[in-house]
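K.L.:
Sequence first, then the predicted structure:
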Amino acid sequence: MFYFWDVREMLACVKVWFLVFGLVESSLVRVLLSWRMAGLGGFVSGLIFVIKRIRLI
């Protein structure tokens, strides 16, 4: 369980989680779209994009 001493601290943590999940979700959607559109080549390029995005975090 997580205990927060301050409401602002809790909101900051929630924002960080939404940011991380948003990046992951949008990257997965982009990979799936590129894989559908361009087949294996698009999937590989999408995977490389996701790896680069993860390294930026």
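P.N.:
Great, that's in hand.
K.L.:
Give me the nearest residue to L47, chain neighbours excluded.
P.N.:
Nearest non-adjacent residue to L47, counting by Cβ to Cβ, 6 or more residues apart in numbering: V31, 6.3 Å away. In short, each C-beta sits where N, CA and C put it, glycine included.
K.L.:
F49: neighbour count?
P.N.:
14 (other Cβ atoms under 10 Å).
K.L.:
quick one: secondary structure of it?
P.N.:
What DSSP: H, G, I helix; E, B strand; the rest coil gives for F49 is helix.
K.L.:
That one and S27 touch, don't they?
P.N.:
Yes: with contact defined as Cβ atoms under 8 Å, F49 counts as touching S27 (7.0 Å).
K.L.:
what helix or strand does C13 sit in?
P.N.:
helix 7-38 (DSSP states H and E).
K.L.:
Quick one: mean pLDDT over that helix.
P.N.:
Averaging pLDDT along helix 7-38 gives 75.
K.L.:
From the contact counts, what lies against it?
P.N.:
Applying 3 or more Cβ pairs under 8 Å, 6 or more residues apart in numbering; DSSP states H and E, one finds that helix 7-38 contacts helix 40-56.
K.L.:
How about the contacts made by V31?
P.N.:
43, 46-47, 49-50 (Cβ atoms under 8 Å, 6 or more residues apart in numbering).
K.L.:
sorry, back to before: for the helix holding C13, the distance to its chain's centre please.
P.N.:
Helix 7-38 sits 3 Å away from the centroid of its parent chain (Cα atoms, centre = their mean, to the nearest Å).
K.L.:
related to what we said a few turns ago, and which of the contacts of V31 is nearest K15?
P.N.:
Using Cβ to Cβ, V50 is the member of the contacts of V31 that lies nearest K15, at 22.0 Å.
K.L.:
give the contact list for the closest residue to the closest one other than its chain neighbours.
P.N.:
Using Cβ to Cβ, 6+ apart and skipping the chain neighbours, the partner closest in space to V50 is S27 (4.5 Å). Contact analysis of S27 by Cβ under 8 Å, 6+ apart lists 49-50, 53.
K.L.:
Tell me how far S27 lies from F18.
P.N.:
The gap separating S27 from F18 is 15 Å, by Cβ to Cβ, to the nearest Å.
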